[in-house]
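Novice: can't give you the sequence, but here's the structure:
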């Protein structure tokens, strides 16, 4: 397949969060779209996105309201919202599963989830063939950790076997969804929005634990990209229920050429490991640039900064200062030769109850959006708008790192687009060598 300049301009993005985990033993649904008013104000939210000069939006239909059962869907809300995005020329990065499942599927311990989710993903791709960019499952590692290691969401379990079970189901669902979407659109591109983590040893007795945790943080992407896991993690996975057949399913996938490694970075992404094996937040120590280089060197994929934010505090300038710092890190990564293709302030509006990681329904507004929940622009929104205006024409990616180019909405259905999809399908169907199947990233 011929390589082409992939993305004509840097992908400035925001998001409208569609998190829907359950808490209270599955009895309570936390729906961020609902508590943030998006169901009523979606037209306004899209207009605000457009007014910012933002061309890309992390967005997806609420899975629990859309996917009603095997082969049973309610597309009404998706139809009207995606039609409006298309009309406005905003390119969606479609987030199909964000931290929760419909009630009828239960939770991430359900082994039926991966295959069923692939069918749902293909149904979406068939209904919206003009959509090219996807995050099938958001933050796979965090979803598995919070649901089955920390006991906070969904199955609310707290042991290694439950974590490995959730992780293998979540990543398998993501891989099968990618395959299913590619059956409908061979030039689809997948942006794996994943939390980028690092664990710092506080003292010598914490070194071994920190090393293990720094291997564990890569598990979701190792499996997703078909990279052999570190030796300690190989034993960990098999000790906690993964079978040889399950492991080789991941090793034998070959969809990396369709992927952008999206990584998320917050102040809470770095951790301090204590001598007794416990961890606590360390705050920013390495920062986005150093940790992103670690992930890039491991996987060798183009990168997009897919999430960051900070609460507005007493000074009122905290988010703006954080935005500047994150952007400086993005430029540093780019200048160091990492092919970084986009940046995201997440999300468009303030969120609710993330101060307790959605473990409680307190109705507490977290002031970290570009706009508040009355849809009034925050200072960080004004700064982001200025940043986009200043840099949008300065940072064309001029990248040949993507084997599949990102197309504008207007290009869908054109002769050029059809030719590119035909090339993508030819490349997708090309036999792979054993070496390429088992590459180490």
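Specialist: Perfect, thanks for sending it. Treat the numbers as computed from the prediction; the structure is a model and nothing was measured.

Novice: CA only for contacts and neighbour counts going forward, please
Specialist: OK.

Novice: SS state for residue 263?
Specialist: strand (DSSP: H, G, I helix; E, B strand; the rest coil).

Novice: need the residue closest to the centroid of this protein.
Specialist: residue 193 (2.0 Å; Cα atoms, centre = their mean).

Novice: wait, that one touches residue 136, no?
Specialist: No. Between residue 193 and residue 136 there is no contact under Cα atoms under 8 Å: 9.3 Å.

Novice: what's the overlap in contacts for these two?
Specialist: Shared contacts of residue 193 and residue 136 (Cα atoms under 8 Å, 6 or more residues apart in numbering): none.

Novice: tell me the mean pLDDT for the helix or strand encompassing residue 295?
Specialist: In this structure, residue 295 sits in helix 288-299 according to DSSP states H and E. The average pLDDT within helix 288-299 is 97.

Novice: next one: it to chain centre, how far?
Specialist: Put simply, helix 288-299 sits 16 Å off its chain's centre (Cα atoms, centre = their mean, to the nearest Å).

Novice: before we move on, what about stretch 155-173?
Specialist: Relative to its parent chain, stretch 155-173 has a centroid offset of 18 Å by Cα atoms, centre = their mean.

Novice: buried ones in it?
Specialist: 155-158, 160-173 (16 or more other Cα atoms under 10 Å).

Novice: same for whichever helix in the chain runs longest, what does it pack against?
Specialist: Identified as the longest helix of the chain according to DSSP state H is helix 160-184. Secondary-structure packing of helix 160-184 (3 or more Cα pairs under 8 Å, 6 or more residues apart in numbering; DSSP states H and E): helix 113-127, strand 133-137, helix 140-148, helix 219-225.

Novice: how about the first one: buried residues?
Specialist: Read that as helix 113-127. Buried residues in helix 113-127, counted by 16+ other Cα under 10 Å: 113-126.

Novice: may I see those residues organised as a markdown table, with distance to residue 293 and pLDDT added?
Specialist: Putting these into a markdown table (distance: Cα to Cα, whole Å; pLDDT from 0 to 100) gives the following:
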| residue | distance to residue 293 | pLDDT |
| --- | --- | --- |
| 113 | 33 | 98 |
| 114 | 31 | 98 |
| 115 | 34 | 98 |
| 116 | 35 | 98 |
| 117 | 32 | 98 |
| 118 | 32 | 98 |
| 119 | 35 | 98 |
| 120 | 34 | 98 |
| 121 | 31 | 98 |
| 122 | 33 | 98 |
| 123 | 36 | 98 |
| 124 | 34 | 98 |
| 125 | 33 | 98 |
| 126 | 36 | 98 |
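
Novice: can I get these in TSV including distance to residue 66?
Specialist: Below are the buried residues of helix 113-127 laid out as TSV (distance: Cα to Cα, whole Å):
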residue	distance to residue 66
113	16
114	17
115	17
116	14
117	12
118	15
119	13
120	10
121	12
122	14
123	11
124	10
125	14
126	15
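
Novice: ok, so of those, who is nearest residue 408?
Specialist: Closest approach between the buried residues of helix 113-127 and residue 408, by Cα to Cα: residue 125, at 16.7 Å.

Novice: quick check, residue 13 in a strand?
Specialist: Yes. Assessed with three-state DSSP, residue 13 lies in a strand.

Novice: got any ranges where the stretch 251-400 of the chain has weak pLDDT?
Specialist: In the predicted model of the stretch 251-400 of the chain, residues 395-400 satisfy pLDDT under 70.

Novice: the strands in it, which residues?
Specialist: Using DSSP state E, counting those that start in this stretch, the strands of the stretch 251-400 of the chain run over 259-264, 270-273, 279-281, 303-307, 340-345, 351-352, 365-366.

Novice: need the residues that contact the second one.
Specialist: It refers to strand 270-273. Contacting residues not belonging to strand 270-273 are listed as 197-202, 206, 209-210, 279-285 [Cα under 8 Å, 6+ apart].

Novice: only whichever of these are buried, select them in PyMOL.
Specialist: Selection of buried members from the contacts of strand 270-273 for PyMOL, criterion 16+ other Cα under 10 Å:
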select buried, resi 197+198+199+200+201+202+206+209+210+279+282
